[in-house]
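**Q** here are the coordinates; sequence isn't available:
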């Protein structure tokens with residue numbers, strides 16, 4: 001019996017210096033640690049100039065038991081890329097080992113538990129056997145690119161109202177949108193002495209819910225974050241916590257169309273099993289510098305437990 005796959009697309013939108021790249025890295029690492037396959041990419045060229053920054057995280061999950069991708073590294077890992085590894089094989093418990101070859105590189109090593117001696121492969125790999133070829137065809141088709149196509153994001157996380165609205169083209173009537181409410185005036189507005197408070201952008205996002213262009217909007221108040229933490233430098237992790245809480249609520253509450261008024265309709269996919277609060281806690285402990293771990297764990301808790309209105 002063949003496996004079925006599901007893709008969960010996330011877009012992160014913000015301004016250079018707000019921590020969008022770290023947020024994308026945490027999401028990717030969390031999903032990888034949970035056994036999913038992940039592709040991600042960021043536009044970081046404008047980060048040093050205070051320009052718009054977009055992060056894309058695409059998560060491929062299977063209906064089979066969670067897969068342990070022991071030797072696949074996050075695309076953010078600069079020290080050792082999966083494509084630079086020397087060689088290896090696909091090890092399926094109870095079956096023979098089979099090799100997988102990645103174009104332009106040496107062999108890749110993964111070990112993935114599966115029930116019935118199926119060959120497993122990395123998306124985009126060459127044909128090593130007929131089973132590996134079938135696996136490559138299906139997974140490559142689902143995650144052919146690390147970039148989320150327009151109107152295909154299940155989750156949009158925005159760090160600034162205008163940037164959230166700018167990235168809303170990635171959303172659809174089933175999308176969940178989590179956004180910070182405090183505006184950050186672009187340099188052009190400051191130079192031209194234009195007034196910008198972000199209120200018009202927040203109104204436009206709320207209207208998108210009413211017009212069923214998106215399913216749900218969660219505004220995260222920066223002032224609440226500052227009051228709880230003493231600063232809002234960990235806003236990126238607070239937003240992740242709010243998103244995780246909403247995803248879990250989606251699978252439990254949104255399906256019946258009832259509950260609190262701000263829940264809205266059910267967004268596509270309801271959630272992502274590879275992204276959980278507990279898994280993100282472990283990811284923060286293993287990814288963030290030790291001196292910042294406690295602050296980020298507290299930020300995650302605030303985002304996860306606060307009822308955002």
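**A** Here it is on my side, so go on. Model, not experiment: these values are computed from the prediction. Residues are numbered from 1 along each chain as shown.
**Q** and the protein, what are its domains?
**A** Annotated domains of the chain cover 5-63+147-305, 82-142 [automatic domain parsing].
**Q** worst average pLDDT in those domains?
**A** Averaged per stretch, pLDDT over the domains of the chain is lowest on domain 82-142, reaching a mean of 43.
**Q** which residues of the stretch 151-300 of the chain fall in strands?
**A** Under the criterion DSSP state E, counting those that start in this stretch, strands of the stretch 151-300 of the chain are mapped to 155-158, 176-180, 216-220.
**Q** adding mean neighbour count and distance to residue 298, write the ones you listed out as JSON lines.
**A** C-betas here are computed from N, CA, C, even on glycine. Compiled in JSON lines, the strands of the stretch 151-300 of the chain are given as follows (neighbours: other CB atoms under 10 Å; distance: least, CB to CB, whole Å):
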{"stretch": "strand 155-158", "mean neighbour count": "28", "distance to residue 298": "19"}
{"stretch": "strand 176-180", "mean neighbour count": "28", "distance to residue 298": "17"}
{"stretch": "strand 216-220", "mean neighbour count": "22", "distance to residue 298": "15"}
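**Q** in a markdown table, list those strands along with distance to residue 300.
**A** Formatted as a markdown table, the strands of the stretch 151-300 of the chain follow (distance: least, CB to CB, whole Å):
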| stretch | distance to residue 300 |
| --- | --- |
| strand 155-158 | 13 |
| strand 176-180 | 13 |
| strand 216-220 | 13 |
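**Q** right, so of these, which gets closest to residue 17?
**A** When these are ranked by proximity to residue 17, the top entry is strand 176-180, at 13.6 Å, counting by CB to CB.
**Q** partner strands of that closest one, parallel or antiparallel?
**A** Within its sheet, strand 176-180 is paired with strand 155-158 (parallel), strand 216-220 (parallel), according to DSSP bridges.
**Q** quick one: which of these is nearest residue 192?
**A** Distances from residue 192 to each of the strands paired with strand 176-180 were compared using CB to CB; the shortest belongs to strand 155-158, at 23.5 Å.
**Q** tell me the contacts of the residue nearest to residue 282 when sequence neighbours are not counted?
**A** Leaving aside its sequence neighbours, residue 282 sits nearest to residue 33 (CB to CB, 6 or more residues apart in numbering; 6.8 Å). Taking CB atoms under 8 Å, 6 or more residues apart in numbering as the contact definition, residue 33 lies against 279, 282, 283, 286.
**Q** of those residues, which belong to helices?
**A** Of the contacts of residue 33, the ones assigned to helices by DSSP state H are 279, 282, 283, 286.
**Q** what's the closest of those to residue 188?
**A** When these are ranked by distance to residue 188 (CB to CB), residue 283 comes first, at 36.3 Å.
**Q** tell me which residues touch that closest one, please.
**A** Listed by CB under 8 Å, 6+ apart, the contact set of residue 283 reads 26, 29, 30, 33.
**Q** I'd like to know how far the closest residue to the third one other than its chain neighbours sits from residue 152.
**A** Pointing back at residue 30 there. Of all residues not flanking residue 30 in the chain, residue 283 sits nearest, at 4.2 Å (CB to CB, 6+ apart). As judged by CB to CB, to the nearest Å, residue 283 and residue 152 stand 24 Å apart.
**Q** check contacts around residue 276.
**A** Per CB under 8 Å, 6+ apart, neighbours of residue 276: 34, 244, 248.
**Q** elements contacting the lengthiest helix in the chain?
**A** Ranked by number of residues, the top helix in the chain under DSSP H is helix 235-252. Counting by 3 or more CB pairs under 8 Å, 6 or more residues apart in numbering; DSSP states H and E, the packing neighbours recorded for helix 235-252 are helix 20-33, strand 155-158, strand 176-180, strand 216-220, helix 222-229, helix 277-287, helix 293-305.
**Q** buried set for that helix?
**A** Of the residues in helix 235-252, those with enough neighbours to count as buried (16 or more other CB atoms under 10 Å) are 235-250.
**Q** what do you get for stretch 200-210?
**A** 201, 202, 205, 208, 209.
**Q** farthest pair within those?
**A** The widest separation within the buried residues of stretch 200-210, taken as CB to CB, falls between 201 and 209 and amounts to 13.7 Å.
**Q** I'd assumed residue 235 was in contact with residue 19.
**A** Yes. Look at residue 19 against residue 235 with CB atoms under 8 Å: they come within range, at 7.0 Å.
**Q** got the phi and psi for residue 160?
**A** Listed backbone geometry of residue 160 is phi -160, psi 140, with angles given as degrees, to the nearest 10.
**Q** done for today, thanks.
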